[in-house]
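J.: sequence plus predicted model, see below.
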Amino acid sequence: MRKRVFGFLIAVAAFPGAMFAISPRPGPTPTPLKLKTGLAKLPEGLTSRLKGAGLDPLDPNLAQKLKLKLAEARGRGGKKAGISTQPSGRPAGGRGFTLPSGLAKGRTSPPSGPPSLTIDQFSLDAWYMAGLLKVRSAKYLNPSDISYRLQEPTCGVDVTGTLEGKGSFVCCGVDADGTEWMNVEDFISNALVFGGKPRSVTMTLTANGLPAATKVFPSVWGRGQSVTITMTIDAQPPHLPANDFGIGAANAKFGGSGPRASTGEPWAPTSGEDTIGLGVNLGAGYQVTETKITSVVSQLDPPGANVPENAYRYARIKTKPDGGRLQTVVEWMYGPAESLTYTIEWKLSGPMGQRPLSTMPSAGPCDVN
């Protein structure tokens, strides 16, 4: 008995904590500490951007308030889609033709031979006509005594006017047999609209007491115009706006999915590419003269701020239209807590009476399909 007690005391002395040891038992797993959104989680520079938009970076409801900002930003990108046209400016007029040398300034006797009106030389374009005429008439005529008519049946063009002898060149003179030579011109006030190809135009000149003179111009281009097409690609799907020029969902491929907006973690930039104008050909005679991003708007931008590119978000033209097609590639990026709505603009030039895009309805009888 003494030996057993003595051994127990030795064990306690050697291992004093052993008599209080408790076997571990399974218990509930501790819940991790949840940190609310705050300065420590946001990328550098974002806190000032949020504060500038009236948001508190430490607000536990920051994500919800960013969604409200996104809803408020809708429509700030400008007009959703539009097309406008502007007639091309009138080019400088020609100088006319050169009169034969040795002509008199006035006539002293009637011309020999029967009355006649002859077209010696003449030029015609969509804006301007000029010519050299020979007139035999009992009465001395002025250029304004001669009327013209321009006709093209396919497009329904029928333009009338009177000739002028004004300009920087000498108008008229009389040769030895009394024939009057006229250097004439006129700026055509009514539009010659011929669509996407040149047309054959018949000109008829008339004057009282003289037989009519006719000339056919086999290949005359009509007047041109500039066309501006704009589309606003919204941050909210569907990104493509409704429009009157026939560009639909099949003509666009958008990068990413869902709203283009950062409203919570992960606080990281998002980037991608859009292809707009897939399968859209330009109308006959048209070319794209300029393609650009005119506006970019984010949910954190103050009202009126729409520069196309800054450190927080941008949209850029990556691939311009080429080969008679409208197809354009836009690369874009928006940063943490930002969103992205952008407006793209194309400027085209081409003939009046012709649709600028193959997806648009026919522009009329001269439209080249």
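T.: Sure, I can see it.

J.: domains for this structure, by residue range?
T.: Structural domains annotated on the chain: 66-87+225-351, 116-221, as defined by automatic domain parsing.

J.: can I get the ones you listed in TSV with mean pLDDT and distance to L46?
T.: For every residue, glycine as well, the C-beta is placed using N, CA and C. As requested, the domains of the chain are arranged in TSV below (pLDDT from 0 to 100; distance: least, CB to CB, whole Å):
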stretch	mean pLDDT	distance to L46
domain 66-87+225-351	93	5
domain 116-221	92	52
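
J.: could I get the ones you listed as JSON lines with mean neighbour count?
T.: As requested, these are exported to JSON lines (neighbours: other CB atoms under 10 Å):
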{"stretch": "domain 66-87+225-351", "mean neighbour count": "18"}
{"stretch": "domain 116-221", "mean neighbour count": "17"}
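
J.: okay, these in JSON lines with distance to G96 next?
T.: JSON lines is the format used below for the domains of the chain (distance: least, CB to CB, whole Å):
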{"stretch": "domain 66-87+225-351", "distance to G96": "25"}
{"stretch": "domain 116-221", "distance to G96": "4"}
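
J.: my guess is R355 meets S362, correct?
T.: Yes. Applying CB atoms under 8 Å as the test, R355 and S362 come out as touching, 6.4 Å apart.

J.: have a look at the two and say which one is more surrounded.
T.: Taking R355 and S362 together and counting by other CB atoms under 10 Å, R355 has the greater number of neighbours (24 against 12).

J.: which stretches in the stretch 101-250 of the chain count as strands?
T.: Under the criterion DSSP state E, counting those that start in this stretch, the stretch 101-250 of the chain carries strands at the ranges 116-124, 128-136, 147-152, 157-162, 172-174, 180-187, 199-207, 210-220, 224-233.

J.: figure out which of those strands is closest to A73.
T.: Put simply, out of the strands of the stretch 101-250 of the chain the one that sits nearest A73 is strand 224-233, at 12.0 Å, with distance taken as CB to CB.

J.: the closest one packs against which elements?
T.: Secondary-structure packing of strand 224-233 (3 or more CB pairs under 8 Å, 6 or more residues apart in numbering; DSSP states H and E): strand 81-87, strand 270-276, strand 287-297, strand 341-351.

J.: how long is stretch 243-250 end to end?
T.: 14 Å (CA to CA, to the nearest Å).

J.: and the contacts of that stretch?
T.: Outside stretch 243-250, the residues within contact range by CB atoms under 8 Å, 6 or more residues apart in numbering are 80-83, 229, 231, 238, 240, 276-280, 356-357, 359-361.

J.: likewise stretch 96-109?
T.: 120-121, 130-132, 140, 167, 169-170, 172-176, 178, 180-181, 183-185.

J.: can you map out the strands along the stretch 251-369 of the chain?
T.: For the stretch 251-369 of the chain, the strands identified by DSSP E, counting those that start in this stretch occupy 252-254, 270-276, 287-297, 313-319, 328-334, 341-351, in order along the chain.

J.: for G52, which of those strands is the nearest?
T.: Comparing those by their distance to G52 (CB to CB), the top pick is strand 313-319, with 14.1 Å.

J.: could you dump the strands of the stretch 251-369 of the chain into a markdown table with distance to L55 added?
T.: Written out in a markdown table, the entries for those read as follows (distance: least, CB to CB, whole Å):
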| stretch | distance to L55 |
| --- | --- |
| strand 252-254 | 28 |
| strand 270-276 | 19 |
| strand 287-297 | 17 |
| strand 313-319 | 16 |
| strand 328-334 | 16 |
| strand 341-351 | 19 |
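
J.: which of those sits closest to V368?
T.: Judged by CB to CB, the one of these that comes nearest to V368 is strand 341-351, at 9.0 Å.

J.: and the closest one, which strands flank it?
T.: Strand 341-351 has the following strand partners under DSSP bridges: strand 224-233 (antiparallel), strand 287-297 (antiparallel).

J.: how about that strand as PDB, C-alpha atoms only?
T.: Taking Å, rounded to 0.1, in the frame of the first residue of the first chain, the C-alpha atoms of strand 341-351 are listed here in PDB:
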ATOM      1  CA  THR A 341     -22.300  54.100 -71.700                       C
ATOM      2  CA  TYR A 342     -20.800  55.400 -75.000                       C
ATOM      3  CA  THR A 343     -21.900  57.100 -78.200                       C
ATOM      4  CA  ILE A 344     -20.300  56.200 -81.500                       C
ATOM      5  CA  GLU A 345     -20.600  58.500 -84.600                       C
ATOM      6  CA  TRP A 346     -20.000  57.800 -88.200                       C
ATOM      7  CA  LYS A 347     -19.700  60.500 -90.900                       C
ATOM      8  CA  LEU A 348     -20.400  59.400 -94.500                       C
ATOM      9  CA  SER A 349     -20.400  61.100 -97.800                       C
ATOM     10  CA  GLY A 350     -22.200  60.000-100.900                       C
ATOM     11  CA  PRO A 351     -24.900  60.800-103.500                       C
END
